[in-house]
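# have a look at this prediction, sequence included:
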Amino acid sequence: MNINKILIVGGGTSGWMTAASIFKTLPNVEVSLVESKSIPTIGVGESTLGQFNLFLDMLGLKDEDWMAECNATYKNGIRFNNFSDLGKSYDYPFGGRDRIDIQNKWAAVRDCYNLPINESYNEWHNDNSLLMKYNRCTKNHDGLLDAFDFKYDTAYHFDAKLFAEFLKKFCTGVQHHYDNIVDVNKDEYGYITSVDGEDGNYTADLFIDCTGFQSRLLEKEMGSEFLSYKPWLDNDRALAAHIPYRNRSEELVNYTKCTAIDNGWVWNTPLWDSLGVGYVYSSDFVDDDTAEMELKKHVGVDDIDFRRINIRHGIHKEGWVKNVVAIGLSYSFVEPLESSSLASTHECLLRLIRTLKDRNCRVNRFDIDLYNITSANDMDSWRDFVAIHYTASSRDDTRYWRHQTQEKSYVNLGSGKFIKHNVINDGITFDDKYQGLSQNLFGYAGGWTYVMAGNGYKIPAHKRQQEYNAYQSYGLPYSPDEVEHLYLQWRKRIKHLSNEIQKLPTHDIFLSQHIYKQKLL
């Protein structure tokens, strides 16, 4: 299949991210986008991970080019309140040090000094945790922070609809049409040749489905089966809104705040001009009207204009069928936890662009199969990673949380690479399949370890070093004097870092200096 002409069906964030990617990287391909005149976009994606910077790199965009137009702020990590247990919090700071020797030293000090696992793990492995703790931002830290790269260890909050509008202006070479698709035409082999709108006919060699949950082309026309994530994930509803700041300097933090409540969890994404809030919950445990009251009580605001969203979490068996590729919600969705929607969108886009560029837009079935396999593996990894946030919790105080932590067996859900564990040193470890999940997203000392540590599990020393030093206490090659030295050295460093970091600009000041040019609201 030779691809010289691409048609994107559907606008919104995923549609315009797709258009921008093709426009920027495939200059010899003719690209068009047709979006509905009447169907609104969901546009709830307001939070990203550090990998979003790879997408921005592909477009050649700097922060100063787009952030001010999208009410964007910086994000150094995620804070989970009441997820592990009521009244407790843990952080997932981006980046960090993932060397095996650092992991082993922390395990030795942790056990000898009975350190609180959630806090000590973060501070030992990741200086970004202190930027989160004190709500500070920095680009040029003159060596103060270890293994911190502002460009790739800092992500963003932004208004997804404004970002789509920005990309629309960015795509100067994309043919843009407002039209409602009413019919699809295929050849004798089942490939789409064109789509009919109310106002015109649109042809292409490759059709990209960005029609959201309706999956107009991939599912309805190409018949790709939808596989639900319901056995793993229960949340199937969301309420979303924006509310004004009460105390902007305190609330405009450099992290996404996720707070578990009775029947799900509430997000809080601080934008430049307002707070994005939303409640993700399960209709199996609470009705929509009660959920709305729960959210209003949580945010302390009665007059809120909510958008109600029905979540369809799952994946299509194939994301690329013949000459149709689905990007965004039309392909798959986990749930908003861990910013999986925008992350899966740009990961699939990067993979699609690599596939098209490899052989100058000549694609065969082998290319399509590889794309489908790697995309599905990534999405299954996201599903399992998000599920850990629930199953690792200690909460059982409501019917919803008891179901998550006491009644549902995640091991027996049919995933060959989900939680298989064995106890080591009164701690927990995972088999090699699990530790290898989506290394580009989580890594050895990445997201899953912060979640497990945040829930009180001891992240053990690396297996090889345990075996090599099995005769040592805890399987670690350090004497008591060495462990004491490591502990005192760590405490001294944390104290120094805390003092120096608090001299850095706060998040709102940093934004006013670098993005919004002194325009403090």
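Ah, there it is.

# ok, the residue nearest to T374 when sequence neighbours are not counted - contacts?
Once flanking residues are discounted, T374 sits nearest to R351: 6.3 Å by CB to CB, 6 or more residues apart in numbering. Every residue, glycine included, has its C-beta placed from N, CA and C. Residues near R351 by CB atoms under 8 Å, 6 or more residues apart in numbering: Y371, T374, S375.

# which single one of the residues you listed is nearest to L233?
Closest approach between these and L233, by CB to CB: S375, at 18.4 Å.

# which parts of the lengthiest helix in the chain are buried?
Determined from DSSP state H, the single longest helix within the chain is helix 365-391. Of all the residues in helix 365-391, those buried under the rule 16 or more other CB atoms under 10 Å are 367-368, 371-372, 375-376, 378-391.

# H514 contacts A68, correct?
No: here H514 does not reach A68: they are 10.0 Å apart, not a contact under CB atoms under 8 Å.

# hey, where'd the helices end up in the stretch 1-150 of the chain?
Assigned by DSSP state H, counting those that start in this stretch, the helices in the stretch 1-150 of the chain fall at 12-25, 52-59, 63-66, 100-113, 117-125, 128-134, 150-153.

# give me the distance between S224 and S375.
12 Å (CB to CB, to the nearest Å).

# quick one: common contacting residues for those two?
Residues within reach of S224 and of S375 at once, by CB under 8 Å, 6+ apart, are G319.

# ok, and the closest non-adjacent residue to the residue nearest the centre of the chain?
The residue lying closest to the centre of the chain (CA atoms, centre = their mean) is S339, at 2.8 Å. Closest residue to S339 apart from its sequence neighbours, by CB to CB, 6+ apart: S47 at 4.4 Å.

# avg pLDDT for the helix or strand containing the residue nearest to T374?
Per DSSP states H and E: R351 is located in helix 340-358. Helix 340-358 shows a mean pLDDT of 91.

# in that helix, what counts as buried?
Applying 16+ other CB under 10 Å to helix 340-358 flags 340-353, 355-356 as buried.

# just want the angle from it to helix 12-25.
30 degrees (axes from the mean of the first three to the mean of the last three CA atoms, to 10 degrees).

# starting at the chain centroid, how far to helix 340-358?
14 Å (CA atoms, centre = their mean, to the nearest Å).

# cool, and stretch 229-236?
17 Å.

# check stretch 189-208 too.
32 Å.

# in it, which residues are buried?
Buried-residue list, stretch 189-208, by 16+ other CB under 10 Å: Y191, I192, S194, V195, G197, Y202, A204, D205, L206, F207, I208.

# show me what counts as buried in the helix or strand hosting M293.
Here M293 sits within helix 288-299, counting by DSSP H and E. By neighbour count on 16+ other CB under 10 Å, the buried set for helix 288-299 is A291, E292, E294, L295, K296, H298, V299.

# just put those in TSV and tack on pLDDT and distance to S84.
As requested, the buried residues of helix 288-299 are exported to TSV (pLDDT from 0 to 100; distance: CB to CB, whole Å):
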residue	pLDDT	distance to S84
A291	96	23
E292	95	26
E294	96	20
L295	95	22
K296	94	25
H298	94	18
V299	92	22
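
# wait, which of those residues is closest to D57?
Checking those against D57 by CB to CB gives V299 as the nearest, at 35.6 Å.

# V253 versus that closest one, what's the distance?
15 Å.

# so the nearest residue to W66 once chain neighbours are set aside, which state does it fall into?
The shortest distance from W66 to any non-neighbouring residue, by CB to CB, 6+ apart, is to F166 (5.3 Å). Following DSSP: H, G, I helix; E, B strand; the rest coil, we place F166 in the helix state.

# go ahead and confirm F166 touches C70.
Yes: if you go by CB under 8 Å, F166 and C70 touch, sitting 5.8 Å apart.

# now the common contact residues for those two.
Counting by CB under 8 Å, 6+ apart, nothing touches both F166 and C70.

# pLDDT below threshold where in the protein?
Along the chain, segments meeting pLDDT under 70 span 39-45, 98-100, 411-445, 460-477, 518-521.

# care to break it down by domain?
The chain breaks down into these domains under automatic domain parsing: 5-46+159-230+313-383, 98-156+393-501, 237-310.

# now, of the ones you listed, which is deepest in the fold?
Comparing the domains of the chain by mean neighbour count (mean count of other CB atoms under 10 Å), domain 5-46+159-230+313-383 ranks first with a mean of 20.

# mind checking how far M379 is from S344?
6 Å.

# same thing with M1?
For M1, the distance to S344 (CB to CB) stands at 24 Å.

# same question for V286.
The value you get for V286 to S344, if CB to CB is used, is 27 Å.

# can you check N82 too?
The value you get for N82 to S344, if CB to CB is used, is 26 Å.

# cool, Y450 as well?
The gap separating Y450 from S344 is 20 Å, by CB to CB.

# is it true that C112 touches P480?
Yes: C112 lies in contact with P480 (CB under 8 Å); the separation is 7.4 Å.

# list the buried ones in stretch 46-62?
46-53, 55-56, 58-59, 61.

# which parts of the stretch 101-250 of the chain are strands?
Taking DSSP state E, counting those that start in this stretch as the test, the strands found in the stretch 101-250 of the chain are 155-157, 175-178, 181-186, 192-197, 201-203, 206-209, 226-228, 237-243.

# tell me which of those strands lies nearest to L218.
The nearest among the strands of the stretch 101-250 of the chain, by CB to CB, is strand 206-209 at 4.7 Å.

# residues in contact with that closest one: which ones?
1, 3, 5-10, 18, 192, 195, 215-218, 323-327, 330-331.
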